[in-house]
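*Asks:* coords please:
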Amino acid sequence: MDLFQKEEKDQSKKDRARPLPERMRPQTLDEFVGQEHLLGKGKVLRQAIESDQLVSMILWGPPGVGKTTLARIIARETESDFFAISAVTSGVAEIRKIIERAKENRKMNRRTILFIDEIHRFNKAQQDALLHSVEDGTILLIGATTENPSFEVISALLSRCRVYRMEPLSEQELNTILDRALERDEFLCQHKVSITEEARNILLKLSAGDARNVLMALELAAQLASPNEKGERVIDRPLIEEALQRRTLLYDKKGDYHYDTISAFIKSVRGSDPDAAIYWLARMLESGEDPKFIARRLIILASEDIGNADPHALMVATSGFTAVDYIGMPEARIVLAQVTTYLASAPKSNASYLAINDAMEDVRNEVPGAIPLHLRNAPTKLMKDFGYAAGYKYPHDYGGFVGQEYFPPEAKKRVYYKPTENGVEKRIRERLLSLWPSRKRS
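*Replies:* You can find the predicted model right below:
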């Protein structure tokens, strides 16, 4: 074997070591499958690429629809210097290095494209670091996100970018990608891999418009398949089901699994089981859930399910969200674990939650009573002349409490807030019973 043959063989081994989705990644616009509303002949993004009239952009869409691939094709088609980073693992220091390189490129009239995967994971400070270089054209930013950029990308950066919505791939488009892999991939062709119609249909239906899911499951099923007497590896239904089962946890952020998992997590925290809560937290984080989504739900839970049984719970939860927003993953997992275990271990009360629901129900169904004059604001002499604030007793003049009427005369004067016997709320309950003995809080 000569040196050339050895190098060729080594390169072939390296190619086979790459996952099938990487080996099948399209290299040109004509090879790209899907997103016809953006990349079809005469469509807006295709025209911008072909005419080299690009602006910074956000590619918004579900996993496996080609966001990274499209960014690489744009860089290749426009002969740009291309840098790809992940918002999960990169920070401001790396961005600054790329910007310095981009400044040097600009002196040579060479464009620099910075691709940021999962840009929604960047906190405000990290996004702010991009603003000037995007605005003055030092870099052309391509951000990829699975989350609505209106909520996850700061408005200053969003205003400097064009947002392109990418759609899940149709079964027909996934079928094209599947056929292309079976016909062109060296490993699949070498091992004579084929797939039955039944297995194909299941694979396409369960892949949820995600090309990466299709190709990863196909490759794993091909590895699991045993050659028949003709040396062929035929992927049937049991094999594809086994491959799909072994894949990473299915976690469609817009599907039932997403809502079922966050439900299990919240119910575990509400049920005061920190161990189960941490388990579901790990499931969500490992599957790629947005940590800020989890942190927001914990803030809601702190008021809805803990409330005044432990008033510190809300402070812990809101501080946790701020910390998660500042630092991002992977360190955010530590903050979320602390907040989760605190809230799960705290005494529980939904008294505040029930109180506001009952009060709002009454407000909707009753004619609103007039605000009593003694409770009205009286900033002018005219208002005082009309009796505004007349008769109001300032509680601090009476040792901090004075019994007076705060309801409108027409209101039912119901007891809305019924503190529990749990945690701090037990003391709150005792105090309210002593202040308003006629109001039974049970």
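*Asks:* and N422, what helix or strand is that in?
*Replies:* Following DSSP states H and E, there is no helix or strand that holds N422.
*Asks:* Neighbours of it, how many?
*Replies:* 18 (other Cβ atoms under 10 Å). C-beta coordinates here come from the backbone N, C-alpha and C atoms, glycine included.
*Asks:* now swap in L220 and tell me
*Replies:* By the criterion of other Cβ under 10 Å, L220 has 21 neighbours.
*Asks:* quick one: secondary structure of the closest residue to S194 other than its chain neighbours?
*Replies:* Leaving out its chain neighbours, the residue that sits closest to S194 by Cβ to Cβ, 6 or more residues apart in numbering is V234, at 5.4 Å. Secondary structure, DSSP: H, G, I helix; E, B strand; the rest coil: V234 is strand.
*Asks:* Find out how far the strand or helix carrying M383 is from the centre of the chain, if you would.
*Replies:* Assessed by DSSP H and E, M383 sits inside helix 381-385. In terms of Cα atoms, centre = their mean, to the nearest Å, the centre of helix 381-385 is set 54 Å apart from its chain centre.
*Asks:* Next SSE downstream of it?
*Replies:* Scanning onward from helix 381-385 (DSSP H and E), the first element met is helix 425-435.
*Asks:* Residues touching that next one, excluding its own?
*Replies:* 307-309, 347, 349, 351, 401, 403, 417, 419-421, 439, 441 (Cβ atoms under 8 Å, 6 or more residues apart in numbering).
*Asks:* so which one among those residues has the lowest pLDDT?
*Replies:* Among the contacts of helix 425-435, R441 carries the lowest pLDDT, at 76.
*Asks:* number of nearby residues for that one?
*Replies:* 16.
*Asks:* Identify the residues contacting it.
*Replies:* Here R441 is in contact with V415, Y417, K418, P419, R429, L432, L433 (criterion: Cβ under 8 Å, 6+ apart).
*Asks:* how about it, secondary structure?
*Replies:* Under three-state DSSP, R441 comes out as coil.
*Asks:* Please tell me how far it sits from V363.
*Replies:* 20 Å (Cβ to Cβ, to the nearest Å).
*Asks:* Go ahead and confirm the residue nearest to S194 touches T196.
*Replies:* Yes: with contact defined as Cβ atoms under 8 Å, V234 and T196 form a contacting pair (6.7 Å).
*Asks:* So for those two, which sits in the more crowded spot?
*Replies:* V234 (17 against 14).
*Asks:* If we ignore the residues flanking it in sequence, what's nearest R439?
*Replies:* V415 (4.8 Å).
*Asks:* The stretch 201-350 of the chain: helices as residue ranges?
*Replies:* 211-224, 237-246, 256-270, 274-286, 291-301, 312-327, 332-345 (DSSP state H, counting those that start in this stretch).
*Asks:* deepest of the ones you listed, which one?
*Replies:* Mean neighbour count (mean count of other Cβ atoms under 10 Å) peaks for helix 211-224 among the helices of the stretch 201-350 of the chain, with a mean of 22.
*Asks:* the inter-axis angle of that one versus helix 237-246?
*Replies:* 120 degrees (axes from the mean of the first three to the mean of the last three Cα atoms, to 10 degrees).
*Asks:* Domain-wise, how is this protein divided?
*Replies:* Partitioning the chain according to automatic domain parsing yields domains covering residues 34-165, 171-246, 256-345, 354-435.
*Asks:* Counting by contacts, list what the helix or strand K103 falls within packs against.
*Replies:* Secondary structure assigned from DSSP H and E places K103 in helix 92-107. With contacts defined as 3 or more Cβ pairs under 8 Å, 6 or more residues apart in numbering; DSSP states H and E, the packing partners of helix 92-107 are strand 81-86, strand 112-117, helix 124-135.
*Asks:* Contacts for it, please.
*Replies:* 81, 83, 85, 111-112, 114, 125-126, 129-130, 133, 137-139.
*Asks:* Next, I142: secondary structure please.
*Replies:* strand.
*Asks:* Could you check stretch 97-109 and say which residues are buried?
*Replies:* Neighbour counts over stretch 97-109 (16 or more other Cβ atoms under 10 Å) mark I98, I99, R101, A102, N105 as buried.
*Asks:* Let's see the pLDDT reported for the residue nearest to the spatial centre of the chain.
*Replies:* For the chain, D290 is the residue whose C-alpha lies nearest the centre (Cα atoms, centre = their mean; 3.5 Å). D290 is assigned 84 on the pLDDT scale.
*Asks:* What sits closest to P63 if chain neighbours are left out?
*Replies:* Per Cβ to Cβ, 6+ apart, closest to P63 is D210, 5.5 Å.
*Asks:* Flag the shaky bits of the protein, pLDDT-wise.
*Replies:* 1-17, 245-259, 367 (pLDDT under 70).
*Asks:* rerun that using 50 as the cut-off
*Replies:* 1, 3-4, 6-9, 11-12, 248-252, 254-256 (pLDDT under 50).
*Asks:* wait, doesn't A71 sit right on I113?
*Replies:* Yes: with contact defined as Cβ under 8 Å, A71 reaches I113; the gap is 7.1 Å.
*Asks:* what do the two both touch?
*Replies:* In contact with both A71 and I113: F82, I142, using Cβ under 8 Å, 6+ apart.
*Asks:* is it true that E118 touches A87?
*Replies:* Yes: under the criterion of Cβ under 8 Å, E118 makes contact with A87 at 4.6 Å.
*Asks:* From the centre of this protein, point out the most distant residue.
*Replies:* D385 (56.6 Å).
*Asks:* show me the contacts for that residue.
*Replies:* No contacts exist for D385 under Cβ under 8 Å, 6+ apart.
*Asks:* related to what we said a few turns ago, how about TSV for the buried residues of stretch 97-109, with distance to F265 added?
*Replies:* Shown next, in TSV, are these (distance: Cβ to Cβ, whole Å):
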residue	distance to F265
I98	37
I99	39
R101	42
A102	41
N105	46
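*Asks:* Go through the residues you listed and name the one nearest R180.
*Replies:* I98 (33.1 Å; Cβ to Cβ).
*Asks:* Would you enumerate the residues in contact with the residue lying closest to F32 once chain neighbours are set aside?
*Replies:* The spatially closest residue to F32, leaving aside those adjacent along the chain, is P26, at 4.7 Å (Cβ to Cβ, 6+ apart). By Cβ under 8 Å, 6+ apart, the contact list for P26 reads F32, V33, G66, T69, I73.
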